[in-house]
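> Here is a sequence together with a model predicted from it:
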Amino acid sequence: MATSVKISPVTRIEGHLAIELKVESNQVMQAFSIGEMFRGLEVLLKGRDPLDAHQIVQRICGVCPVSHGTASIYAQDQAYHVTIPTNGRLLRNLILAANFIQSHILHFYHLTALDYVDVTAITGYQGSDPELQSVREWVQNEFKAGVVAPAAPFLPRYEGKYLDNAELNIQAIKHYLEALEMRKLAHQMCAIFAGKMPHPASLIPGGVTQKPTAQKIAAYAGMLQRLQMFIDHVYLPDVVEVAKAFKDYFKIGKGYDNFLSYGVFPESGNNEGHVLPAGTIVNGKPGAFDAAAITEDVKYSRFASVSGAHPSQGDTVADPHKANAYSWIKAPRYQKQPMEVGPLARMLVAYHQGHGECKTLIDGALQQIGVTPAELNSVMGRHAARAIECKIIADHCGHWLDQLAPDQATYNEFDIPASGSGIGLTEAPRGALGHWITLDNHKIESYQCIVPTTWNCSPRDDRGIESPVEKALEGTPIANEENPIEAARVVRSFDPCIACAVH
Amino acid sequence: MGTVTRRTFLKTSTRLAAVLGLGSSMIPQIAEAVEQLYSGNAPLIWLEGQGCTGCSVSLLNTDFPSIAQVLTQRVSLKFHSTVSAATGEVAVKTIHECVAKGGHFLAIEGSIPVGMPEACVIAEKPFTQVVLESARTAQAVIAVGTCASFGGIPAAENNPTQATSVSAFLASQGVKVPVINLPGCPCHPDWLIGTIVHVLKFGIPALDEKSRPKAFYGKLIHDQCPRFADYEREKFAKSFSDDGCMFHLGCMGTQTHADCTMRMWNCGTNSCLHSGSICIGCAWEGFTAKQSFPIYRKLELQTTDHTS
């Protein structure tokens, strides 16, 4: 007989998520992904000045505000018929890239690592690193003093099988601390051209307001170099170590063989010729991406609005008491299929399209760890893809920096037409991100967003088909129902962002 | 005290005195406050309502003390949804134990959906109820960011969930606990850490009529603007790439109280105005509140041009 196991709240993600599992014979039979927060940003955008949009929507998410700002200015560029100068495109890429790097480092070390690394190993630390000594004494004192929740926020935790190699555990704790500084550095690098982070100031339809002085280019280059060192010599090797130690997680968390990428980091025009390409994989078969094939269902979502509409025709009407609805997240589908989005999707789409760097790095990592390409569709595959992508993006920043022309324009003037529409498709660190805007009488008539975690963590669609995370959880072994750490690992591998998903 | 010595505290405190805008005579007292913070005497519980986690991410960007110091050298962050190892039932128990003991500081990020309690739920409990329970036994509540301080974007016109600020919600429920507002989208890490240290050692800092610490929100952005001279000379920008005062483009520096242009963001790297952007007034109580008050005034300029 199945028992119900709840993970509520799921922490170390962004926002309010609960997961409900039906477990039988120590295995997940069914999973339900429950988004537990709603603000209604699409609702309050209606009737506003169109230029309010990118400032408001970037505040959908404090972890990936750049992606929302970027999607919105792409959509507005299109609605205002403005072509941006080359500097504008390069600066937008550099701002977006810096936040991808920040987000990926944050995810592996600060959101994920505590599921694998045994932080209690610090109590046995014998070395001479003053930072680690200080952490050890803090943990010992907390237990000695008998405070409530000693060593919080690192304990308490789910009991389970953690890494049992003392040396690796200590090294990972050191890298956790180092990574805190590295993600901060990535935000500093971002702010050089963004003005501030989170919530960049300089993104604007028509380009970017920040001018790239020689001093700013040099500052970005210096920080980039430090981040590249960290990614190459710490982040990637750590992911390989964890992947080797938890090789069983290449067999856990397999989703659908459906992946979607809108493409990101344009090399021409406003948003064309992407470094990481657009494309799809449906039932394992690569294909071209068609924006017309996107729809959103709401049968199991807390909305009274029309189900199955394309986002340009969609609406958002809250219905908190709707019968059978179990989430504030809508259920987007592509050709009626649930699609996984994120670094794994981008890497697989690029891999299938013969992307050189991507192929070399993925093949190299697979060989090093000793797994097959098919096993990438898994918990560890998602972590590996994220780290590899982080390297590819960081390595491209140098090319964009080199092309910046300090004395040239970063912005082209535009007029806002009374009516029109635009689509902004890009990628957030967590996956494919789309914004659809329609103007009427110089005001926003409609604004709809479909966000990465909306794809990954939706409830079931109108046909009852599970979302990627619900599917990936099915079959997950649960050794101890009081401590469902295995399921938490599956969920976190998607890097969910609920403020994004519900908006 | 292990490797964290008295000397470390004094060094920390000298720099914090600068962050707080206090004189050097306060350094010994700040040292005590930091020591208290590090020794687990001031448990901090951080709860998120209708927010975006931007204020939490901003806290991670703290320059000094570094977040590694904050987290590992004895600040008692008992629960934070984005950072805590504790998950599910383990997390719920941790919060419950700390709240039952009382005397904690409660940081709230995000607004509160009073008109639609289902719009924010933590472990099957409406956020409204979670806030009430955890605020009643708290020493003080810190409303982190504009959503928690004033309602912010979720409470903008049309407000589909009847989102409201922390202070308005607690007042409506008759909960009498000091609330300090730290508006800003996001909240600057110095404003938060500076405020916590001040509360510990000197009590509630001097607040203005909107419950904001005067040390951080005492001056208008406009009076500290790098383009103030342009305003004085009436040299106004008409396009986003122009030099000159950006008042006509919609700059809200004349209404917004904060010290961003002097303090700067991301470890002194940049600020909105320094990056050629207008001040969008993200720390202002009217931020995005009215549709008739857009962030940028470009449309107005454009319409004027077209009709002239």
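Thanks, I have it.
> mind listing the strands in chain A by residue range?
With strands called from DSSP state E, chain A shows them at A:3-7, A:17-24, A:27-35, A:203-204, A:207-208, A:259-268, A:272-282, A:285-287, A:294-297, A:331-334, A:420-428, A:431-440, A:443-450.
> what's the angle from the first one to strand A:27-35?
Pointing back at strand A:3-7 there. Here the directions of strand A:3-7 and strand A:27-35 differ by 40 degrees (axes from the mean of the first three to the mean of the last three C-alpha atoms, to 10 degrees).
> quick one on the thing from earlier: of all the strands of chain A, which one is nearest chain B?
Across those, chain B has its closest neighbour in strand A:3-7 (4.3 Å, C-beta to the nearest C-beta). Where you see a C-beta, it was placed from the backbone N, CA and C, and this is true even at glycine.
> one step back: would you list the strands of chain A in a markdown table and tack on distance to chain B and mean neighbour count?
Output for the strands of chain A, formatted as a markdown table (distance: least, C-beta to the nearest C-beta, whole Å; neighbours: other C-beta atoms under 10 Å in any protein chain shown):
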| stretch | distance to chain B | mean neighbour count |
| --- | --- | --- |
| strand A:3-7 | 4 | 17 |
| strand A:17-24 | 7 | 21 |
| strand A:27-35 | 9 | 21 |
| strand A:203-204 | 5 | 29 |
| strand A:207-208 | 8 | 30 |
| strand A:259-268 | 21 | 23 |
| strand A:272-282 | 23 | 19 |
| strand A:285-287 | 34 | 12 |
| strand A:294-297 | 18 | 24 |
| strand A:331-334 | 19 | 24 |
| strand A:420-428 | 13 | 24 |
| strand A:431-440 | 11 | 26 |
| strand A:443-450 | 8 | 22 |
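> of all those, which lies closest to A:S458?
The minimum distance between A:S458 and the strands of chain A falls on strand A:331-334, with 3.9 Å, by C-beta to C-beta.
> could you give me the average pLDDT of that closest one?
Averaged across strand A:331-334, the pLDDT comes to 98.
> Need the contact partners of that strand.
Strand A:331-334 has contacts (C-beta atoms under 8 Å, 6 or more residues apart in numbering or on different chains) with A:258, A:260, A:280, A:282, A:293-301, A:338-339, A:450, A:454-455, A:458-462, A:465, A:467.
> Using PDB, list the CA coordinates for stretch A:131-146.
What follows is stretch A:131-146 as a C-alpha-only set of coordinates in PDB (Å, rounded to 0.1, in the frame of the first residue of the first chain):
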ATOM      1  CA  GLU A 131      39.100  29.500   8.300                       C
ATOM      2  CA  LEU A 132      38.400  25.700   8.700                       C
ATOM      3  CA  GLN A 133      39.700  25.800  12.200                       C
ATOM      4  CA  SER A 134      37.300  28.600  13.000                       C
ATOM      5  CA  VAL A 135      34.400  26.700  11.500                       C
ATOM      6  CA  ARG A 136      35.400  23.600  13.500                       C
ATOM      7  CA  GLU A 137      35.400  25.400  16.800                       C
ATOM      8  CA  TRP A 138      32.100  27.100  16.000                       C
ATOM      9  CA  VAL A 139      30.500  23.800  15.400                       C
ATOM     10  CA  GLN A 140      32.000  22.300  18.600                       C
ATOM     11  CA  ASN A 141      31.000  25.300  20.700                       C
ATOM     12  CA  GLU A 142      27.400  25.300  19.400                       C
ATOM     13  CA  PHE A 143      27.000  21.600  20.400                       C
ATOM     14  CA  LYS A 144      28.700  22.200  23.800                       C
ATOM     15  CA  ALA A 145      26.500  25.200  24.500                       C
ATOM     16  CA  GLY A 146      23.400  23.300  23.700                       C
END
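> what about it and chain B, any contact?
Yes - Stretch A:131-146 lies within reach of chain B by C-beta under 8 Å from any C-beta of the partner chain, at A:E131, A:Q133, A:S134, A:V135, A:E137, A:W138, A:N141, A:E142, A:A145.
> what pLDDT does the fifth one get?
Just to be clear, that refers to A:E137. pLDDT, read off for A:E137, is 90.
> tally of neighbours for it?
By other C-beta atoms under 10 Å in any protein chain shown, 20 other residues sit near A:E137.
> residues contacting the residue of the stretch 1-150 of chain B found nearest chain A?
Here the residue of the stretch 1-150 of chain B nearest chain A is B:G54; by C-beta to the nearest C-beta that distance is 2.4 Å. Neighbour list for B:G54: A:R59, A:C61, A:G62, A:V63, A:P65, A:P198, A:H199, B:G145, B:C185, B:P186 [criterion: C-beta under 8 Å, 6+ apart].
> pretty sure the fourth one is in contact with B:L60, am I right?
No - the criterion here is C-beta atoms under 8 Å, and A:V63 misses it with B:L60 at 10.3 Å.
> Now the common contact residues for those two.
Counting by C-beta under 8 Å, 6+ apart, the residues touching both A:V63 and B:L60 are A:L106.
> More neighbours: these two, which one.
Higher neighbour count among A:V63 and B:L60: A:V63, with 29 against 22, using other C-beta under 10 Å.
> Would you list the phi and psi of the more buried one?
Backbone torsions of A:V63, given as degrees, to the nearest 10, read phi -90, psi -40.
> burial measure for the closest residue to it other than its chain neighbours, as a count.
What sits nearest to A:V63 in space, not counting adjacent residues and going by C-beta to C-beta, 6 or more residues apart in numbering or on different chains, is A:E14, at 5.1 Å. Residue neighbour count, defined by other C-beta under 10 Å, stands at 31 for A:E14.
> give the contact list for A:E14.
So A:E14 contacts A:C61, A:G62, A:V63, A:P496, A:C497, A:I498, A:A499, A:C500, B:C52, B:T53, B:T82 (C-beta under 8 Å, 6+ apart).
> Name the residues linked to it by a beta bridge.
Taking DSSP bridges, one obtains A:C497 as the residues bridged to A:E14.
> circling back to that earlier point, now list the buried members of the residues of stretch A:131-146 next to chain B.
A:E131, A:Q133, A:S134, A:V135, A:E137, A:W138, A:N141, A:E142 (16 or more other C-beta atoms under 10 Å in any protein chain shown).
> which of the residues you listed lies closest to chain B?
The closest of those, once distances to chain B are taken by C-beta to the nearest C-beta, is A:E137, at 3.5 Å.
> Can you tell me how far that closest one is from A:Q126?
A:E137 is 13 Å from A:Q126, where distance means C-beta to C-beta, to the nearest Å.
> Also A:H68?
A:H68 is 47 Å from A:Q126, where distance means C-beta to C-beta.
> Generate CSV for the buried ones among the residues of stretch A:131-146 next to chain B, with distance to B:P213 as supplementary columns.
CSV is the format used below for those (distance: C-beta to C-beta, whole Å):
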residue, distance to B:P213
A:E131, 31
A:Q133, 35
A:S134, 30
A:V135, 31
A:E137, 33
A:W138, 29
A:N141, 31
A:E142, 30
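> Contacts only, for A:I192.
A:Q210, A:K216, A:A219, A:Y220, A:M223, B:T269, B:N270.
> er, A:E178 actually
So A:E178 contacts A:F230, A:V234 (C-beta under 8 Å, 6+ apart).
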